[in-house]
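1. Fold the following, please.
(one chain, ligands or ions: 4)
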Amino acid sequence: MKDTIENKVDAGVMLPLMEEFYTIQGEGFHTGTAAYFIRIGGCDVGCHWCDVKESWNAETHPPTAIEHIVENADKWSKTIVITGGEPLTWNMQPLTNALKDRGMTVHIETSGAYPLTGTWDWICLSPKKVKMPVPEIYKEANELKVIVYNKNDFAFAKAESQKVTSSCQLFLQPEWSVREKMIPLITEFVMENPEWRVSLQTHKYLNIP
Ligand SMILES: C[S@@+](CC[C@H](N)C(=O)[O-])C[C@H]1O[C@@H](n2cnc3c(N)ncnc32)[C@H](O)[C@@H]1O
Ligand SMILES: Nc1nc2[nH]cc(C(=O)O)c2c(=O)[nH]1
Ligand code: SF4
Ligand SMILES: [Mg+2]
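-> Ligands and ions are numbered 1, 2, ... in the order given. Alright, predicted model coming up:
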């Protein structure tokens with residue numbers, strides 16, 4: 001096999017890097033804790049309300065050697081969150097191996113639309129109706145985070161929760177543009193279904209990345 005950039009991206013030893021930033025995890029189980037975020041470009045799931053549409057086209061993000069990504073990350077935090085885009089578009093094994101070799105704790109934010117690659121300490125699965133998760137990922141999820149855009153999403157959330165393990169933490173997160181309408185409905189749902197928890201995009205309230 002030729003050593004082209006394309007082949008390296010296919011192998012997961014280079015990845016289209018969109019941005020990296022040290023911040024506070026704003027969502028879900030680890031809300032409020034410091035973490036270094038690595039955002040990998042490329043996603044064809046197509047959520048109409050996606051808050052990082054600039055990530056979708058992988059061609060606009062430079063293929064970056066994973067050693068560079070890891071070296072940078074190591075300067076900032078022992079807790080790394082890989083997000084995107086859809087990180088499982090790519091082979092995540094080389095990147096997670098390299099991060100774990102340096103003793104880092106590695107989390108993923110994923111729609112689960114593509115097969116699970118990589119070795120993870122925490123998997124946040126945020127399923128999307130437009131491109132459902134691969135069946136195998138449900139048993140691996142540590143956290144199920146369903147975005148609530150309208151009332152139908154409560155039934156979707158319940159159905160998705162039947163597919164995860166009993167130790168998987170369940171979260172409902174309002175879609176940002178309709179949060180004022182959905183927060184009262186989520187509140188009521190969680191009081192009636194206390195196995196669920198509320199997740200807010202707290203970084204947007206804190207004005208941090
Ligand atoms: C931008 S996505 C990237 C990771 C992966 N593609 C996914 O969807 O899980 C990161 C998280 O933000 C959530 N998200 C994206 N846009 C949102 C919005 N407008 N309101 C609330 N949550 C949103 C996603 O559901 C996901 O949990
Ligand atoms: N602070 C902060 N927390 C986050 N949790 C998940 C995010 C994501 O875009 O994947 C995100 C993000 O973009 N910023
Ligand atoms: S799967 Fe994630 S990155 Fe892709 S469009 Fe949906 S929210 Fe955005
Ligand atoms: Mg985000």
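2. all contacts plus neighbour counts: C-alpha atoms, from now on.
-> OK.
3. mean confidence score for the longest helix seen in the chain?
-> Of all the segments of type helix in the chain, defined by DSSP state H, the longest one is helix 179-192. Averaging pLDDT along helix 179-192 yields 98.
4. Which residues does the helix or strand following it contact?
-> Tracing the chain past helix 179-192, the next element assigned as helix or strand by DSSP states H and E is strand 196-198. Among residues not part of strand 196-198, those counted as contacts by Cα atoms under 8 Å, 6 or more residues apart in numbering are Gln169, Leu170, Phe171, Leu172, Gln173, Ile186, Thr187, Val190.
5. which one of the residues you listed is nearest ligand 3?
-> Distance from ligand 3 was checked for each of the contacts of strand 196-198 by Cα to the nearest ligand atom. The minimum falls on Gln173, at 12.2 Å.
6. That closest one reaches Asn150, doesn't it?
-> No: using Cα atoms under 8 Å as the test, Gln173 is too far from Asn150 to be in contact (11.4 Å).
7. higher neighbour count, the two?
-> Summary of the neighbour comparison: Gln173 and Asn150, criterion other Cα atoms under 10 Å, with Gln173 having more neighbours (22 against 13).
8. Show me what that one bridges to in the sheet.
-> Note on Gln173: beta-bridge partners by DSSP bridges are Ile147.
9. Kindly provide the distance from Glu136 to ligand 2.
-> Counting by Cα to the nearest ligand atom, to the nearest Å, the gap from Glu136 to ligand 2 is 21 Å.
10. Fine by me, thanks again.
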